[in-house]
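In: my questions are about this predicted structure, shown below with the sequence.
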Amino acid sequence: MENRRVVITGMGAITPIGNNLQEYWNALVAGKSGAGPITRFDHSKFKTHFACEVKDYNPADYFDRKETRKMDLYSQFAMISSEEAIKDADLKLEKINKKRVGVIWATGIGGFQTFEEQVEDFVQNDLNPRFTPFFIHKIIPDTAAGLISIKHGFQGINFCTVSACASSSNAIIDAFNYIKWGKADVFVTGGSEAPITQASVGGFNSMKALSTNNENYIQASKPFDLNRDGFVIGEGGAALILEEYEHAMNRGAKIYAEVLGGGMAADAYHITATHPEGIGAYDSMNLAIEDAEISPEQIDYINAHATSTSLGDISEMKAVARLFGDLEKRPLISATKSMTGHLLGGAGSIEAVASVMAIYKNIIPPTINSTEIDSDLPDKVSLVIGEKVETEVNVALSNTFGFGGHNASLIFKKVR
């Protein structure tokens, strides 16, 4: 089996704090919150009145009416971010072998907005079954991968990953492995989510998973803080162009970073709660380090999963402390969900982009809103709180963990 190098040559993003890659990165290092009142529906009857929505979004800026009618919002975010990534990579589509270009796209829920709208219409019309002919393909989770492939004629490996909040990292790991093993030369990969609906907000409220800090929503997402009370739901997505190293070099591509390894493991503990000791998180990080063939000492930065939940933040940091706590130089840790909120299946994509940009720019984004660090967190972790840190970042690790006990970790490295 081949063991080829894999690099990142393009990225794109549409997020609650920026509608393209540069806007997103600028907002991250500035410590900008994306939280605001929910505008998608009347939130007055819900316990949570706020979310991290994509701002100033108008599908007409990106698609014609015919295209918009055929795509759920999660697919729109996929198309927008992937298009930016392809342009950023300067892929000359007429010069590459499209049978060697694949698409692996992630989502945790798929077309939830379309599903909810259709059910509402069904009920309001006295259960008269008048369904749009686009209903099925708008809601299924593999549609975004298919749409990206169809638009550009990519005929390589094509599928979606669905593993809750680990979905995007799983997609990137799969794409990385297929290129490494010689099954493809280029992949468009990433993930997107559009979960700000009545059903999802109501459902997460019933689980007591969402923050209800309606009076101070800007500061509601506060990972590691003593007074955190749940995550802030977000929407958007990001895309990365993964490319075999020699393929990228031969066409003179810009290289952001190298994908060095990925690890995946299960908690095998509870369908929604993480293991209190973070055993799956520890295993996924350790497996990623083994896959990357590096030592823990080489990791400079960890983009934590850290969703601002009471159990999740502590269990992840226990795993981090177990793996890195006794090192002379511990990696710096930040939680960018403090700014973007939690994009569920899209989280791993925007956080992979944040990790890669930290390497590319030698800047670690901060964790914002966390003013009183929870004393139950282990001592042997080095958190970046309040302000960005400008420092040499050669290797970064990005964590994403999901309902079902899914854990995934990615490692990126600077290319010199």
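Out: Now that the structure is in, tell me what you want to look at.

In: quick one: low-confidence ranges for the stretch 51-200 of the chain?
Out: Within the stretch 51-200 of the chain, the segments meeting pLDDT under 70 span 127.

In: ranges for the strands of it?
Out: 101-106, 158-161, 186-193 (DSSP state E, counting those that start in this stretch).

In: looking at the ones you listed, which is buried most?
Out: By mean neighbour count, with neighbours taken as mean count of other C-beta atoms under 10 Å, strand 186-193 ranks first of those at a mean of 33. Just so you know, the C-beta spots here come from the backbone N, C-alpha and C atoms, and that holds for glycine as well.

In: neighbours around the residue nearest to Val162 when sequence neighbours are not counted, how many?
Out: Nearest residue to Val162, sequence neighbours excluded (C-beta to C-beta, 6 or more residues apart in numbering): Pro141, at 5.2 Å. Pro141: 23 surrounding residues under other C-beta atoms under 10 Å.

In: how near is Pro141 to Gly111?
Out: Look at Pro141 and Gly111: by C-beta to C-beta, to the nearest Å, they are 8 Å apart.

In: do the same with Ile196
Out: 13 Å.

In: show the subsequent helix or strand relative to the helix or strand where Glu243 lies.
Out: Assigned by DSSP states H and E, Glu243 belongs to strand 236-244. Downstream of strand 236-244, the next assigned helix or strand under DSSP H and E is helix 245-250.

In: buried set for that next one?
Out: For helix 245-250, the neighbour count (16 or more other C-beta atoms under 10 Å) marks Tyr245, His247, Ala248 as buried.

In: before we move on, what about stretch 204-211?
Out: For stretch 204-211, using 16+ other C-beta under 10 Å, the buried residues are Phe204, Ala209, Leu210, Ser211.

In: and Thr307, what does it touch?
Out: By C-beta atoms under 8 Å, 6 or more residues apart in numbering, the contact set of Thr307 is Cys165, Pro223, Phe231, Asp313, Lys337, His342.

In: Arg5 too?
Out: The contact partners of Arg5, taken as C-beta under 8 Å, 6+ apart, are Lys180, Glu244, Tyr245, Glu246, Glu258.

In: a markdown table for those residues, including distance to Ala358?
Out: Shown next, in a markdown table, are the contacts of Arg5 (distance: C-beta to C-beta, whole Å):
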| residue | distance to Ala358 |
| --- | --- |
| Lys180 | 23 |
| Glu244 | 24 |
| Tyr245 | 21 |
| Glu246 | 26 |
| Glu258 | 14 |
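
In: about what we covered before: which elements pack onto the strand holding Glu243?
Out: Helices and strands touching strand 236-244, by 3 or more C-beta pairs under 8 Å, 6 or more residues apart in numbering; DSSP states H and E, are strand 6-14, helix 73-88, helix 167-180, strand 186-193, helix 347-361.

In: what's the most buried one of the ones you listed?
Out: Comparing the helices and strands packed on strand 236-244 by mean count of other C-beta under 10 Å gives strand 186-193 as most buried, with a mean of 33.

In: which strands or helices does that strand pack on?
Out: Identification of packing neighbours for strand 186-193 by 3+ C-beta pairs under 8 Å, 6+ apart yields helix 73-88, strand 101-106, helix 167-180, strand 236-244, helix 347-361.

In: who does it pair up with?
Out: strand 101-106 (parallel), strand 236-244 (antiparallel) (DSSP bridges).

In: kindly format the C-alpha coordinates of it as CSV.
Out: What follows is strand 186-193, C-alpha atoms only, in CSV (Å, rounded to 0.1, in the frame of the first residue of the first chain):
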residue,chain,number,x,y,z
VAL,A,186,-7.4,15.4,-5.0
PHE,A,187,-10.4,15.6,-2.6
VAL,A,188,-13.0,18.3,-1.9
THR,A,189,-13.9,17.6,1.7
GLY,A,190,-15.4,19.3,4.7
GLY,A,191,-18.9,19.7,6.2
SER,A,192,-21.9,21.9,6.7
GLU,A,193,-25.0,22.2,8.9
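
In: what's the burial count for Pro129?
Out: 6.

In: residues contacting it?
Out: So Pro129 contacts Phe122 (C-beta under 8 Å, 6+ apart).

In: quick one: it from Val123, how far?
Out: On the measure of C-beta to C-beta, Pro129 and Val123 end up 11 Å apart.

In: same check, this time on Ser75
Out: 25 Å.

In: got TSV for the helices and strands packed on strand 186-193, with distance to Asp283 too?
Out: As requested, those are exported to TSV (distance: least, C-beta to C-beta, whole Å):
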stretch	distance to Asp283
helix 73-88	30
strand 101-106	21
helix 167-180	14
strand 236-244	24
helix 347-361	17
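
In: can you say which of the ones you listed is nearest to Phe134?
Out: Nearest to Phe134 among the helices and strands packed on strand 186-193 is helix 73-88 (10.7 Å), distances taken as C-beta to C-beta.

In: related to what we said a few turns ago, next step: the contacts of Thr307 restricted to helices.
Out: The members of the contacts of Thr307 that map onto helices under DSSP state H are Asp313, Lys337.

In: which among the contacts of Thr307 gets closest to Ile150?
Out: Cys165 (27.5 Å).

In: for that closest one, give the beta-bridge partners.
Out: In beta-bridge terms (that is, DSSP bridges), Cys165 pairs with Ser163.

In: mind checking how far it is from Leu397?
Out: For Cys165, the distance to Leu397 (C-beta to C-beta) stands at 16 Å.

In: neighbour count: the two, which is higher?
Out: Leu397 (31 against 28).

In: list phi and psi for the more buried one.
Out: Leu397 adopts backbone torsions of phi -120, psi 130, taken as degrees, to the nearest 10.

In: if I read this right, it contacts Asp300, doesn't it?
Out: No: Leu397 lies out of contact with Asp300 (C-beta atoms under 8 Å); the separation is 9.0 Å.

In: okay, and the common contacts of those two?
Out: Pro331.
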